[in-house]
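Colleague: next one to model:
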Amino acid sequence: MGKLVYSHGEILVNKDFPSHELTEKWIRNKQFLKYELTQLLLKRKGGRKRNRLYCFSHDCVQCDVVMKVSQIDQSYKFWRKVDLFITGLFKDYNYRSYIGSLKMQEAGIDTIEPIAYWTYKPSWFRRKSYLLYKKIESELTVAQLCNKIHFSDAKEKDVLIKAVVNRCVSIVRGIHAAYIRHDDPHGNNILLDLKDADIGTLDEEKINNARFTLIDNDRCTSARIAIPRVKLFFDLKCLARFQICELPPEELLRQYLGEEYRIYWWYVVNFWVSGGFKLHKLLGNLFK
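Modeller: Next up is the predicted model:
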């Protein structure tokens, strides 16, 4: 029989969410196991993943939810499985997502609404972590919108793209101002809630009034260093994955930094793109 593992001392349940006591009971009674069903799986693009997403109507909170389960895909090669297993012993990405999402909400940044986090041990050598959050209705991503604009007959494509980029840059600035790092704020990790997604009638005002929601907070961390230049050095790690559209990465950096832009910050971004302090990635890029 499997058992619940109280990672970080307890099952974490968002007390601000309705029916949090029922949700905690639901977890302790292992009711979540009934929802790990193939028919409830959300289909995801991009091939193999280290997580599975199950979507269902959760009676405890009276809304549709997504349950994210850490699951190493069996189609991975052996050494990749070993790597993910060892990494999982030291880093619990669902825990990071739960804590990071709460911090971003406190900072006024639109992101997923976390309900609970817990871990479960099906057997002696296996451990799975879970994140339960409220389903976001919109499935249109920033990357998809930019792609639609690019291939549309809109007269002011550049204006529309610039409006989208400005919103995304402001999100990343807001995260860093709140001493949080996302590490993966690319165009497919930002969802859009547009009242009218018809490109023919889309304008700058509609984009500015749309809701931009940041998802996939698995790599969220806190910025512990307050020294401005040192903090910025590490904040720029987020820009290594900050891909919104066909706009050159250096131009995104210029928009992010504004008057503070200097060429050496571009070298810092390239340092993170090359692997940062991960020596094996640095060497791999050097000998390509």
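
Colleague: domains in this structure, by residue range?
Modeller: Domains of the chain are assigned by automatic domain parsing as 3-134, 140-286.

Colleague: mind checking how far the first one is from the chain centre?
Modeller: Domain 3-134 sits 13 Å away from the centroid of its parent chain (CA atoms, centre = their mean, to the nearest Å).

Colleague: likewise for the last one?
Modeller: When distances are taken as CA atoms, centre = their mean, domain 140-286 is centred 12 Å away from the chain's centroid.

Colleague: now the element after the host helix or strand of Lys162, going C-ward?
Modeller: Lys162 belongs to helix 157-177 when assigned by DSSP states H and E. Later in the chain than helix 157-177, the nearest helix or strand by DSSP H and E is strand 180-181.

Colleague: what's the first helix or strand after that following strand?
Modeller: The element immediately downstream of strand 180-181 (helix or strand, assigned by DSSP H and E) is strand 190-193.

Colleague: next, the buried residues of that following strand.
Modeller: Of all the residues in strand 190-193, those buried under the rule 16 or more other CB atoms under 10 Å are 190-192. Placement of C-beta: from N, CA and C, glycine included.

Colleague: which helix or strand lies directly C-terminal to that strand?
Modeller: Going down the chain from strand 190-193, the next helix or strand is helix 204-209, by DSSP H and E.

Colleague: which other helices and strands contact that next one?
Modeller: Under the contact criterion of 3 or more CB pairs under 8 Å, 6 or more residues apart in numbering; DSSP states H and E, helix 204-209 touches helix 157-177.

Colleague: so how many other residues sit close to Lys134?
Modeller: Here the number of neighbours of Lys134 (other CB atoms under 10 Å) works out to 17.

Colleague: swap in the one 3 residues further on?
Modeller: The number of residues packed around Glu137, counting by other CB under 10 Å, is 9.

Colleague: now Arg254. Nearest residue, chain neighbours left out?
Modeller: Tyr261 (5.0 Å; CB to CB, 6 or more residues apart in numbering).

Colleague: how much space separates that neighbour from Leu40?
Modeller: 47 Å (CB to CB, to the nearest Å).
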